[in-house]
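Trainee: Here is a sequence together with a model predicted from it:
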Amino acid sequence: MDKHGFSRKNAVRKFNGKLLKLFTQELRLPSGIVVNLEIIRHPGAALVVPFLSTNRIILLRQFRGAINEYIYELPAGTINNSESPLACAKREILEETGFTAGKLTLLGSIYPVPGYSTEKIAIFKAERLTKGKACFEKDEIIKVMEVSKSQLRRLFLSGKINDAKTICALALCGWI
């Protein structure tokens, strides 16, 4: 069993993609009932809240093909093979914003969809930023924005920030 209680012993692989792996698994619940689950195995991710100052952060407007929309979100990405969440956070902030962080602090972690996925996202606060050069991946369409706390709250209250991981991270920072 892995750290999420996932056992490969009785799991049946249904799909093996580049990022995701789909399994079916029979599981006995604490109540004694046996259920059949569909579980997406995910390597985990890191998200960064990049603070330019106490009142300004970097926010992304990114196109997401799965929903065919642009959404507002914070820099985040999937953890590579042997990469730690901290190393992933360092890589993602540079790739997606062009900044490096002099200080990264772990704020917490979330399970965005625990009903069907093992994905766990580590959330970091980035401070003492130094400007570099962003290096978007070929499938990323990103606009980097600097926003104040009041601008961000207006976006949130008007329903324009609806990315769950971003909302959780902003709540952990006390921004919403």
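Mentor: Everything's here; your move.
Trainee: Could you list the buried residues of the longest helix anywhere in the chain?
Mentor: Using DSSP state H to define each element, the chain has its longest helix at helix 85-97. By 16 or more other CB atoms under 10 Å, the buried positions in helix 85-97 come out as 85, 88-97. The way it works is simple: take the backbone N, C-alpha and C, and place the C-beta from them, glycine included.
Trainee: right, and the pair among those with maximum separation?
Mentor: Pro85 and Thr97 (17.6 Å; CB to CB).
Trainee: mind listing what Ile167 touches?
Mentor: By CB atoms under 8 Å, 6 or more residues apart in numbering, the residues touching Ile167 are 156, 161, 176.
Trainee: Need the buried ones from those selected in ChimeraX.
Mentor: To isolate the buried ones among the contacts of Ile167 in ChimeraX, judged by 16+ other CB under 10 Å, type:
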select :156,161,176
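Trainee: so which of the contacts of Ile167 comes closest to Gly32?
Mentor: Ile176 (40.6 Å).
Trainee: What's the local residue count around the nearest residue to that closest one once chain neighbours are set aside?
Mentor: Nearest residue to Ile176, sequence neighbours excluded (CB to CB, 6 or more residues apart in numbering): Leu170, at 4.6 Å. By the criterion of other CB atoms under 10 Å, Leu170 has 22 neighbours.
Trainee: list the buried ones in the helix or strand where Leu170 lies?
Mentor: Assigned by DSSP states H and E, Leu170 belongs to helix 164-172. Within helix 164-172, the residues scored as buried using 16+ other CB under 10 Å are 165-170, 172.
Trainee: Below-threshold pLDDT in this structure: ranges please.
Mentor: Where the chain drops to pLDDT under 70, the residues are 1-9.
Trainee: What are the structural domain limits within it?
Mentor: In terms of domains, the chain is parsed into 11-41, 45-172 (source: automatic domain parsing).
Trainee: Can you say which of those is packed in most?
Mentor: domain 45-172 (a mean of 17; mean count of other CB atoms under 10 Å).
Trainee: Right, I'll leave it there.
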